[in-house]
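Novice: have a look at this fold, sequence not included:
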């Protein structure tokens, strides 16, 4: 088969088509390279984020190991702590210090929790509180001291209770 030389118009058309194809391929390659670079940066950011999460998980794991050794428990999550939270309130009442399942002291306070912390020198392992209006504290505390005769309240009549039993009885008769 013999080679037929294309006409100058045909050569120009083929050349123009080849140039257009090369330009299109070059533009497609440039777009593909830009997309690849963008994906690369996105992946680098994602890797950094995952590495940070891994570091946090490793720290939590280490803290849980320490907590297990110290307290035989894993650390509670923030959600669990917040779910178990009770509202704080300072209240007035009569409190009882307890040691070995026996009432060892009866006291009163307008801020019970703060007052109980002041008994650090006394020997007790638990406490309980009966809320009471401020104006009735002396009477209620005195009744419980007279009823239980706790050893840490003292045994002298002047130190034993704010009000004597006789005074409490007089108050109840006059009311």
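Specialist: Done, it's in. Here the structure is a predicted model, which means the values were calculated and not measured.

Novice: what does stretch 49-60 contact?
Specialist: Residues outside stretch 49-60 that contact it (C-beta atoms under 8 Å, 6 or more residues apart in numbering): residue 75. In short, each C-beta sits where N, CA and C put it, glycine included.

Novice: please apply the same query to stretch 121-141.
Specialist: 91-100, 104-108, 110, 112, 116, 152, 161-163, 168, 171.

Novice: buried ones in that stretch?
Specialist: 124, 127, 129, 132, 137, 138, 139, 140, 141 (16 or more other C-beta atoms under 10 Å).

Novice: would a markdown table of those with secondary structure be doable?
Specialist: Shown next, in a markdown table, are the buried residues of stretch 121-141 (DSSP: H, G, I helix; E, B strand; the rest coil):
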| residue | secondary structure |
| --- | --- |
| 124 | coil |
| 127 | strand |
| 129 | strand |
| 132 | coil |
| 137 | helix |
| 138 | helix |
| 139 | helix |
| 140 | helix |
| 141 | helix |
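
Novice: now for these: which two are most distant?
Specialist: 124 and 139 (23.7 Å; C-beta to C-beta).

Novice: any chance you could map the helices in the protein?
Specialist: Assignment of helices within the chain using DSSP state H yields the ranges 8-71, 78-84, 112-117, 137-148, 157-160, 165-174.

Novice: tilt between the fourth one and helix 165-174?
Specialist: Taking axes from the mean of the first three to the mean of the last three C-alpha atoms, to 10 degrees, one finds that helix 137-148 is oriented at 120 degrees with respect to helix 165-174.
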